[in-house]
Structure formats: structure tokens, C-alpha cells
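this is the structure alone, sequence omitted:
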């Protein structure tokens, strides 16, 4: 989610003429479609097995997905 916020603020600072709908789409896709499912998967992985390495791998995978979507 930090990646989404970083992109949002980058667009606000350095691309001020970008449409507001584009910035809203970045936040909606990054948080709604990727961020919330990521947190649910991490919570389930931590509660069920306590596999920290799996949480780290999933965080990197979802960061790559956000990067490819944007």
C-alpha cells in the first residue's frame, strides 16, 4: 500500500495536470483490488501457520502486481 501512496503523491507533485480520475483509479486498484486481499492473505497465513517467509513472498508478489497494473 506504500507503493500506491508513493505513486499517488508522485503524480500529485510531478504530474499536476494528470486527470483526477487517473489518480483515483490508482488508489482504487491498488488499495481495493490488491491491498485488502493482500492483508487478508497475510492475516490468514500468520494465524494458521505462522509462516513469516510466506507473508514476505506474498508482499513482494503483490507489489509486483501493483507495479504491472500501474
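Okay, I see it. Everything numeric here is computed off the predicted structure, so don't read it as measured data.

now the helices: where do they sit in this structure?
Here the chain has its helices, by DSSP state H, at 2-14, 20-27, 36-48, 52-69.

can you put those in a markdown table and add mean neighbour count and mean pLDDT?
(Glycine included, C-beta is placed from N, CA and C.) As requested, these are exported to a markdown table (neighbours: other C-beta atoms under 10 Å; pLDDT from 0 to 100):
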| stretch | mean neighbour count | mean pLDDT |
| --- | --- | --- |
| helix 2-14 | 13 | 81 |
| helix 20-27 | 13 | 83 |
| helix 36-48 | 13 | 75 |
| helix 52-69 | 13 | 74 |
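
how about residue 51, nearest residue that isn't a chain neighbour?
residue 45 (5.8 Å; C-beta to C-beta, 6 or more residues apart in numbering).

need the contact list for the one you found.
By C-beta atoms under 8 Å, 6 or more residues apart in numbering, residue 45 lies in contact with 51, 54-55, 58.

pull the most distant pair out of these.
51 and 58 (10.0 Å; C-beta to C-beta).

related to what we said a few turns ago, ok, so of the contacts of residue 45, who is nearest residue 8?
Using C-beta to C-beta, the contacts of residue 45 come closest to residue 8 at residue 58, 22.3 Å.

pull up the gap between that closest one and residue 21, please.
30 Å (C-beta to C-beta, to the nearest Å).

next: residue 32.
15 Å.

OK, contacts around residue 65?
Here residue 65 is in contact with residue 34 (C-beta under 8 Å, 6+ apart).
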